[in-house]
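I'd like to go over a predicted model; first the sequence, then the structure.
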Amino acid sequence: MSQNLLELDHVTKRYGVGGLFSRQSITAVNDVSFSLASDRPEIFAIVGESGSGKSTMAKMILGNEVPDGGRLTFDGTDIGTIRTRAQREAFMTRVQPVFQNPFEAFNPLTHVDTYLYATARRFTGADTRAQQEIKADEALQRVGLSLAELKGRFSHELSGGQLQRVAVARALIPSPKLIVADEPVSMVDASLRMSIVNLFRALRDDLKVSIIYITHDLATAYYISDRVIIMQKGSVIEAGNARTVLDHPTHPYSIALKNAVLPPDPKAAAAAIRQRRAMVEGV
Amino acid sequence: MFDVLTETRPATTTTDVLTIKDLKAYYINEHFGVRREVRAVDGIDLTVRRNEVYGIAGESSSGKTSLIKTLAGAIRPPMRVVEGSVKFDFGGKHIDVYAEPAKMKAARWQHLSYIMQGSMSVLNPVRRIKHAFNNFAYRHMGLDPTAFRQRVESHLQRLGLDPNVLEAFPHQLSGGMRQRVTIALATVCEPEFIIADEPTTALDVLVQQDVLGLIKEVQGRLGSSVVFVTHDMSVHAAITDRLAIMYAGRLAEEGPTQALFDKPQHPYTAHLIASLPRIGDITTRKSLAGKPPSLANPPSGCRFHPRCPIAIDRCSKEVPQMLPSATGGRVACFRAGEISVQ
């Protein structure tokens, strides 16, 4: 049996809130376990509304937050045991993030290509600018852009979709095994959203990268993901094959979430709104 | 509750509450003799009828926010109305926004109100909710303070909010509750005309559905007109009666929402609808090549032609006019109706 790429074993995370005397703790992630196989790249969706703990999960997988209980293992190493800079860089070479808002992820006063060079220098050992440019261009070609059109550009000169592709290209430079994408399309315009979503599919199929796709949008989750977990208040309430779970959700919350997806048809959507309204009024 | 509402709702009349004629509003910057024009609203004609939800769809930088700012008379330099007119008809009271600014000021909030996008930035974070009501609505209602308070409380109750929220600070409320407070704020004076600018964009799916239902319900009860702006086509499908698609400062298509979804005439509309993912359908969705054009330097002819899959020579040379379409709306395309929806 092959080793798992990522394994979460009963992971729990609590945050403390309140002052010195009225200290309370909130369980953001409660006893979550799942694993991604290393020989079969897949898109794994984590679905839930805000406050369900999905972003905390992303932070823990990226090693930015330490779990209070349980273990996260990446490629055989416990993420919690990463101490030295060298270990950390080796980990970051294999796990890369893509963030929600590309306009916030890039400094508006810095040329966007600078980020690509910095990543190339840090993770691939490309010392000269010429080597870095080659690395950057390779990555940009994969996402349908080229260095020629990006060189010296600022973030405001690019559309949200283009910027988000640059963010994905940057994540691809170290040739990672896993990309953690936290709401990558929620800030991207409607006409460009599908280009990002299709790009993730291509990454999985062509580059064999596994992707953890965090979203509250069930429709895109259904469209691209292989497996899905649905979270509510920190706990996983439903998990399994994406099509099976989303076609026939069994938990009441998953059903409510699925019904909340507005169907792209005026009659059906208006009926859905009325139904929800009647339900809320009825309670 | 919905049945009761449908009965009390006045019958839809075709009287127009808002008429926009050939409106052009540009951001004009002049530095050291170099003039830069951003044509955010470039020749728009539209009418909004009484008692309807009129949707405006378009991507960011398509000029939809500039358009609603212009029609609310809320523009500041460097933005300027270069040409055209915006006229309201509030039950016989005619107001030309750019000819009679004083009249417009008096009409604001009483006849025309605004539901804004970021509820957190509308409500002052260091003052209780009640102050927002006092600041926005008190002087338009002409009531003494006790009667005003009672009116606000009963209005909140009708929207499913506890009157105690008046004593709360914005951070103590959830995002959905804050958005409901801004809806209450915009509707407490029972205005004839409500502008809603992306009111659900920052909300979760479940809360989004509640807020949409609430807006529809309030609109039905007041019989007012709502201009609803968002880039999310499925929200438009759920709430709007008529829908206008905006692309790069101009209208591409306008029509009854159902007809637009069933038979889009403009290739851009067809793309927007075809690219919506649906649960139960995993066929590959195509995305448009290219990016939205810069409004400082828009393409010649039809502004969509560089990204259009069915563009012909003529599209890059001539500007298509808004003409009546086969489905009862209007469309600006030389090859209207020729695109097939996959």
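Looks like it came in fine.

how about low-confidence regions in the stretch 1-150 of chain B?
Applying pLDDT under 70 to the stretch 1-150 of chain B picks out residues B:1-14, B:118-120.

check the stretch 1-150 of chain A too.
For the stretch 1-150 of chain A (pLDDT under 70), the answer is A:1-2, A:18-20.

strands of the stretch 1-150 of chain A, start to end?
A:4-17, A:24-37, A:43-47, A:69-74, A:77-78, A:95-98 (DSSP state E, counting those that start in this stretch).

out of these, indicate the one that is most buried.
With neighbours defined by mean count of other Cβ atoms under 10 Å in any protein chain shown, none of the strands of the stretch 1-150 of chain A is more surrounded on average than strand A:43-47, at a mean of 26. All C-beta spots, glycine's among them, are computed from the backbone N, C-alpha and C.

any idea how far the helix or strand where B:Lys105 lies is from the chain center?
Assigned by DSSP states H and E, B:Lys105 belongs to helix B:101-107. Put simply, helix B:101-107 sits 21 Å off its chain's centre (Cα atoms, centre = their mean, to the nearest Å).

list the contacts of it.
For helix B:101-107, the surrounding residues in contact (Cβ atoms under 8 Å, 6 or more residues apart in numbering or on different chains) are B:Gly73, B:Phe88, B:Phe90, B:Lys93, B:Ile95, B:Val97.

nearest residue to B:Asn29 in space, please, no chain neighbours.
B:Arg36 (4.6 Å; Cβ to Cβ, 6 or more residues apart in numbering or on different chains).

which residues touch that neighbour?
With the criterion set at Cβ under 8 Å, 6+ apart, B:Arg36 makes contact with B:Ile28, B:Asn29, B:Glu30, B:Ala296.

which one of the residues you listed is nearest chain A?
B:Ala296 (11.4 Å; Cβ to the nearest Cβ).

hmm, the closest one is touching B:Ala40, no?
No - the criterion here is Cβ atoms under 8 Å, and B:Ala296 misses it with B:Ala40 at 9.8 Å.

just the CA trace of stretch B:28-45, in PDB.
C-alpha atoms of stretch B:28-45 as PDB (Å, rounded to 0.1, in the frame of the first residue of the first chain):
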ATOM      1  CA  ILE B  28     -12.500  63.100 -16.800                       C
ATOM      2  CA  ASN B  29      -9.000  63.700 -15.500                       C
ATOM      3  CA  GLU B  30      -6.800  66.500 -16.700                       C
ATOM      4  CA  HIS B  31      -3.200  66.600 -15.600                       C
ATOM      5  CA  PHE B  32      -0.700  69.000 -17.200                       C
ATOM      6  CA  GLY B  33      -2.800  69.300 -20.200                       C
ATOM      7  CA  VAL B  34      -3.200  65.600 -20.700                       C
ATOM      8  CA  ARG B  35      -6.900  64.700 -20.800                       C
ATOM      9  CA  ARG B  36      -8.000  61.200 -19.900                       C
ATOM     10  CA  GLU B  37     -11.600  60.100 -20.200                       C
ATOM     11  CA  VAL B  38     -13.000  56.900 -18.700                       C
ATOM     12  CA  ARG B  39     -16.300  56.300 -20.400                       C
ATOM     13  CA  ALA B  40     -18.000  54.400 -17.600                       C
ATOM     14  CA  VAL B  41     -21.500  55.100 -18.800                       C
ATOM     15  CA  ASP B  42     -21.600  55.500 -22.500                       C
ATOM     16  CA  GLY B  43     -25.000  56.200 -24.100                       C
ATOM     17  CA  ILE B  44     -27.500  54.300 -22.100                       C
ATOM     18  CA  ASP B  45     -31.300  54.400 -22.600                       C
END
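
quick check: buried residues in that stretch?
Buried residues in stretch B:28-45, defined by neighbour count with 16 or more other Cβ atoms under 10 Å in any protein chain shown: B:Glu37, B:Val38, B:Arg39, B:Ala40, B:Val41, B:Asp42, B:Gly43, B:Ile44.

ok, so of those, who is nearest A:Asp127?
Closest approach between the buried residues of stretch B:28-45 and A:Asp127, by Cβ to Cβ: B:Val38, at 42.7 Å.

list buried residues within the contacts of helix B:101-107.
B:Gly73, B:Phe88, B:Phe90, B:Ile95, B:Val97.

of all the residues you listed, which two lie farthest apart?
Using Cβ to Cβ, the buried ones among the contacts of helix B:101-107 span at most 13.5 Å, a distance reached by B:Gly73 and B:Phe90.

now do the shared contacts for these two.
The contact lists of B:Gly73 and B:Phe90 share no entry, where a contact means Cβ under 8 Å, 6+ apart.

in strands, which of the contacts of helix B:101-107 fall?
Of those, the ones assigned to strands by DSSP state E are B:Phe88, B:Phe90, B:Lys93, B:Ile95.

go through these and name the one nearest B:Arg151.
When those are compared for distance to B:Arg151 (Cβ to Cβ), B:Phe90 comes out closest, at 20.5 Å.
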